[in-house]
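S.K.: how would this look folded up:
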Amino acid sequence: MELHVRQSKKIQGQIEVPGDKSISHRAVMLGSLSHGITEVKNFLMGADCLSTIECFKAMGTEFEQTGETSLLVKGMGLKGLNEPRDVLNVGNSGTTIRLMMGILAGQPFFSSVTGDDSIRTRPMARVAAPLKEMGAVIDGRKGGNLAPITVRGGNLKPIEFVSTVASAQVKSAVMLAGLYTSGVTTIKEPERSRDHTERMLTYLGAQINVYESTVQVSGGAELIGKPIEVPGDISSAAFFMVAAAILPGSSIRINRVGLNPTRTGIIDVLLDMGADLRITNEREVNGEPIGDIIVKGGSKLKGVVIEGSLIPRLIDEIPIIAVAAARAEGETIIRDAAELKVKETNRIATVAGELNKMGVEITQTEDGMIITGGSALKGTFCESHGDHRVAMTAAIAGLAAAGETVVSNAGCVNVSFPGFSNLLSKLVV
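M.R.: Residues are numbered from 1 along each chain as shown. A predicted model of the protein is given here:
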């Protein structure tokens, strides 16, 4: 599939974006571990989340789709999963494999997990190491660092784990394993990572304590299924926020967006850059803050420095932030973002490479990039590299580029944003 984008004057409209990918994954997983039925609304029916459903179906969880974006998860409790008869396949989903490893570590059975070519290159030792310390037997390629990964779980003990990276996937895996211990598991991070797992576990009845960047999980608490309304994904909203900010005359309202403070770094950066952005109608659903985001184009953007504790709050939005930086006055420096190298692609390299083609002055660094704004963009042929965020980043850049931009292999956008191209075409004026 190719995505064709022409230079546009502005975007305009009122939209909702698909449900949050991170929260959709967790609704399936924690709903499966709960007693009773978890009714999930605004579920992201994207490829990654569907992979999570298939993995838990293979372990006995029953699902019923009740609408286009709604489903029932028929939970069996913490100890209700069954040994899968075949290898569990997570497709392209790093969240699925890493969080599920934590759950599998607590099961009294054997399992094997794999994924696509990308997943089989992504590091798993950072998750496997603390789970092994808890008592799980885990192995895989390259000394247990690469999938396929095998897990023989059960008889876990609580640990105090000090993580060297601020990673919600690592933290969540250890937290989920901690549910299967008879004590308190403690996880300390260098910076606080996104906290959807803590919020949903608390909502469903787990005993969770949070102290700044430290989380404690008490094992043994039973989870009870409850209705979950998934907020719109701020990572998906970010593409249209930036599109409006870089195109003068634009005006867009994005309703029901998740405003979890561990995810709103994109808002902070756009405000620092000088974008005309405001939030209205703030409220809370099942432990998650949401609201409506309004962005208007026309303000002059300026370069900023993005680093430190801000990085975990916008790690997935850095590709599209690079587009905002390209249209800003001055230099934008992104540091402390080496985690980008172990996403679906090495996003430092792929984002820099594709935006370079369009005329952006962008330099790769060991842990980020330096972008000099102000260059005129030109339409060109871009490659997604099979990475949904790279594909959508190139498409939004194309709105501000002279001529036509063609993004190849763009079907990967369905991982997180089914209907992206249709929605974009409706907003372009």
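S.K.: Okay, Pro289 and Leu271: tell me how far apart.
M.R.: 17 Å (Cβ to Cβ, to the nearest Å). C-beta here means a position set from N, CA and C on the backbone, and glycine is covered the same way.
S.K.: quick one, which of the two is more surrounded?
M.R.: In this view Pro289 and Leu271 are compared by other Cβ atoms under 10 Å, and Pro289 has more residues nearby, 17 against 13.
S.K.: who are the neighbours in contact with the nearest residue to the more buried one once chain neighbours are set aside?
M.R.: Excluding its sequence neighbours, the residue lying closest to Pro289 (Cβ to Cβ, 6 or more residues apart in numbering) is Leu259, at 4.5 Å. Taking Cβ atoms under 8 Å, 6 or more residues apart in numbering, we find Leu259 in contact with 231, 234, 267, 279, 282, 289-291.
S.K.: Please repeat the previous calculation with a cut-off of 6 Å.
M.R.: If you count contacts by Cβ atoms under 6 Å, 6 or more residues apart in numbering, Leu259 has them with 289-291.
S.K.: quick check: domain ranges of the chain?
M.R.: 3-19+231-427, 21-229 (automatic domain parsing).
S.K.: Any chance of a markdown table for these, columns mean pLDDT?
M.R.: Shown next, in a markdown table, are these (pLDDT from 0 to 100):
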| stretch | mean pLDDT |
| --- | --- |
| domain 3-19+231-427 | 96 |
| domain 21-229 | 97 |
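S.K.: Just give me the neighbour total for the residue nearest to Ser251 when sequence neighbours are not counted.
M.R.: Closest residue in space to Ser251, ignoring its immediate chain neighbours: Lys296 at 4.9 Å, by Cβ to Cβ, 6+ apart. If you count neighbours by other Cβ under 10 Å, Lys296 ends up with 19.
S.K.: same check, this time on Lys300
M.R.: The burial count for Lys300: 11, using other Cβ under 10 Å.
S.K.: ditto for Arg199
M.R.: Look at Arg199: counted by other Cβ under 10 Å, it has 20 neighbours.
S.K.: so who does it touch?
M.R.: By Cβ under 6 Å, 6+ apart, the contact set of Arg199 is Gly287.
S.K.: residues making contact with stretch 201-209?
M.R.: In contact with stretch 201-209 (Cβ under 6 Å, 6+ apart) are residues 30, 34, 198, 216-218, 221, 223-224, 286-287.
S.K.: so where does Asn209 fall, helix or strand?
M.R.: Element membership for Asn209, per DSSP states H and E: strand 207-211.
S.K.: tell me which residues in that strand are buried?
M.R.: Neighbour counts using 16 or more other Cβ atoms under 10 Å place Ile208 of strand 207-211 among the buried residues.
S.K.: sorry, back to before: can you list phi and psi of the residue nearest to Pro289 for me?
M.R.: Torsion angles at Leu259 (phi, psi; degrees, to the nearest 10) stand at phi -120, psi 30.
S.K.: for the one 5 residues further on, same thing?
M.R.: Summarising the backbone geometry of Thr264 under the convention degrees, to the nearest 10, its torsions are phi -90, psi 20.
S.K.: Mind listing the residues bridging to the residue nearest to Ser251?
M.R.: Beta bridges link Lys296 to Ser251, Asp276 when assigned by DSSP bridges.
S.K.: In this structure it contacts Asp276, no?
M.R.: Yes. Lys296 lies in contact with Asp276 (Cβ atoms under 6 Å); the separation is 4.3 Å.
S.K.: Is the residue lying closest to Arg347 once chain neighbours are set aside part of a helix or strand, or is it coil?
M.R.: Nearest residue to Arg347, sequence neighbours excluded (Cβ to Cβ, 6+ apart): Leu340, at 4.1 Å. Here Leu340 is recorded as helix under DSSP: H, G, I helix; E, B strand; the rest coil.
S.K.: Next, count neighbours for Leu340.
M.R.: Counted with other Cβ under 10 Å, the neighbours of Leu340 add up to 22.
S.K.: how near is it to Glu212?
M.R.: From Leu340 across to Glu212, the span is 25 Å (Cβ to Cβ).
S.K.: swap in Gly144?
M.R.: Remark: distance between Gly144 and Glu212 (Cβ to Cβ) = 31 Å.
S.K.: Looking at the two, which one has more neighbours?
M.R.: Of the pair Gly144 and Glu212, Gly144 is the one with more neighbours under other Cβ under 10 Å, namely 15 against 9.
S.K.: Once you drop chain neighbours, what's closest to that one?
M.R.: Closest residue in space to Gly144, ignoring its immediate chain neighbours: Ala128 at 5.2 Å, by Cβ to Cβ, 6+ apart.
S.K.: Need the phi and psi values for the one you found.
M.R.: phi -60, psi -40.
S.K.: Hmm, Lys142 and it touching each other?
M.R.: No. With contacts counted by Cβ under 6 Å, Ala128 stays clear of Lys142, the gap being 11.1 Å.
S.K.: neighbour-wise, which of those two wins?
M.R.: Ala128 (23 against 10).
S.K.: and that one, how far is that from Gln65?
M.R.: Taking Cβ to Cβ as the measure, Ala128 falls 33 Å from Gln65.
S.K.: repeat for Ala352
M.R.: 40 Å.
S.K.: same thing with Ile348?
M.R.: Distance from Ile348 to Gln65, by Cβ to Cβ: 38 Å.
S.K.: out of the two, which sits in the more crowded spot?
M.R.: Neighbour count, other Cβ under 10 Å: between Ile348 and Gln65, Ile348 has more, with 25 against 13.
S.K.: which residues touch that one?
M.R.: If you count contacts by Cβ under 6 Å, 6+ apart, Ile348 has them with 340, 364, 369.
S.K.: Identify the bridge partners of the last one.
M.R.: If I follow you right, that is Met369. Per DSSP bridges, the residues bridged to Met369 are Ile334, Gln364.
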